[in-house]
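Q: Curious how this folds, go ahead:
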Amino acid sequence: MANLSLDDVLGKMVTAAAGAVGQKWPQVRSQVESELRQLAEVAVDIAARKAQGKIDQHQAETLFKMQANALTGVLAGLAGQARLTAEMAINAAVGAAKDAVRTATGFPFI
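A: Next up, the predicted model:
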């Protein structure tokens, strides 16, 4: 199992989000990026707790899903195409975070 660094997982999430929406990334970047940091922090915390034996798979999955679901709050303030673009970016970033947590913890969850 691997350690997770905040910068590494956040970088992967931002890259995935920007790649998912391409040239539309600047339209939603400011709304999405700060929210991604929060999910990245949770991912790093899950990996650290797993390494310390303080979290099991169910707890990790619950924490991750709670924060991933909170990301949808960023969509509330957006309308139309910007909302769809932000949703695509968030979905891609969540996928990248899931991959990072799976690799770091060995949990096949989510």
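Q: Enumerate every residue touching the spatially most central residue of the chain.
A: Nearest to the mean C-alpha position of the chain, by Cα atoms, centre = their mean, lies Val94 at 3.7 Å. Counting by Cβ atoms under 8 Å, 6 or more residues apart in numbering, Val94 makes contact with Met13, Leu39, Ala68, Leu71. Placement of C-beta: from N, CA and C, glycine included.
Q: redo that, cut-off 10 Å
A: For Val94, the contacting residues are 13, 16-17, 36, 39, 43, 64-65, 67-69, 71, 110, by Cβ atoms under 10 Å, 6 or more residues apart in numbering.
Q: Same question for Thr72.
A: So Thr72 contacts Glu35, Ala86, Glu87, Ile90 (Cβ under 10 Å, 6+ apart).
Q: Any idea how far whichever helix or strand the third one is part of is from the middle of the chain?
A: Looking back up the chat, that one is Glu87. Here Glu87, judged by DSSP states H and E, is contained in helix 80-105. Put simply, helix 80-105 sits 5 Å off its chain's centre (Cα atoms, centre = their mean, to the nearest Å).
Q: quick one: average pLDDT of that helix?
A: Here helix 80-105 scores 91 as its mean pLDDT.
Q: Start the count at 27 instead of 1 going forward.
A: With the count now opening at 27, the last piece we talked about shows up as helix 106-131.
Q: Show me what counts as buried in that helix.
A: 109, 111-116, 118-127, 130-131 (16 or more other Cβ atoms under 10 Å).
Q: cool, stretch 74-94 as well?
A: Buried-residue list, stretch 74-94, by 16+ other Cβ under 10 Å: Arg75, Lys76, Ile81, Ala86, Glu87, Leu89, Phe90, Gln93, Ala94.
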